[in-house]
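When you get a sec, could you give me coordinates for this:
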Amino acid sequence: MSVPENERGDRKMQVFVKANDLVNYTIRICCNKKVFLPEYQNALTNDIIRTAKDIFIFAWEANEIRVTDNQGKVSQTKYVERRRLQEISIRRCNDLLALMQMAKRLFHLKARRIKYWGRRTTEARELLVKWRDADTRRYGHLDLP
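Numbers count the residues shown, from 1 in each chain. I've put the predicted structure just below:
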């Protein structure tokens, strides 16, 4: 079976593809006013959307930090900041899973939807953890504060 062209490519970028897909899916389902009732928009739905967006944004920001310069010198400060952003993104995945459980009861979401949505979230989290761990192997010789 062939892989769709938009899903091919660099495995390093897969974390951003998964995180972006998660954001798009989350926004699409949360904008369904028949399920996510407007009266709970400020109480829960906006938090769900913001958390999904944070997963992608913090990962993107972490990726923008270059730990090594053009001469190959490693910056401990940049590594610490990159890791901090990766950790926030990972924690936001956990937050999103918790918010899903709240939404499940409040909006009477089907277990099937929560399972699918949760799987998308855990897949993104697993890729973020792998990325963080790869950075740890690469820059682990640096002493973290």
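
Quick one: the helices in this structure, in order.
14-30, 46-64, 76-106, 111-139 (DSSP state H).

So which of those is nearest Glu39?
Proximity to Glu39 (Cβ to Cβ) singles out helix 76-106 among these, at 10.6 Å. (Glycine included, C-beta is placed from N, CA and C.)

and that closest one, which residues are buried?
Within helix 76-106, the residues scored as buried using 16 or more other Cβ atoms under 10 Å are 79-80, 82-83, 85-86, 88-93, 95-97, 99-100, 103-104.

Quick check: closest non-adjacent residue to Arg113.
Nearest non-adjacent residue to Arg113, counting by Cβ to Cβ, 6 or more residues apart in numbering: Ile29, 7.4 Å away.

Let me fix that, I meant to ask about Leu127.
Excluding the flanking residues, the one nearest Leu127 by Cβ to Cβ, 6+ apart is Val15, at 4.0 Å.

Spit out the contact partners of the residue sitting nearest the centre point of the chain.
The centroid of the chain falls nearest to Ile55 when counting by Cα atoms, centre = their mean (3.3 Å). Residues in contact with Ile55 (Cβ atoms under 8 Å, 6 or more residues apart in numbering) are 19, 22-23, 89, 92-93, 96, 124, 128.

Now distance to Asn70 and pLDDT too, for those, in CSV please.
Listed next are these as CSV, based on distance: Cβ to Cβ, whole Å; pLDDT from 0 to 100:
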residue, distance to Asn70, pLDDT
Ala19, 28, 97
Leu22, 34, 98
Val23, 33, 98
Ser89, 27, 98
Arg92, 32, 98
Cys93, 33, 98
Leu96, 37, 98
Ala124, 31, 98
Leu128, 27, 97
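
Among those, find me the one that's closest to Tyr116.
Minimum distance to Tyr116 across the contacts of Ile55 is 11.2 Å, recorded for Leu22 (Cβ to Cβ).

which ones are touching the closest one?
52, 55-56, 96, 120-121, 124 are the contacts of Leu22 under Cβ under 8 Å, 6+ apart.
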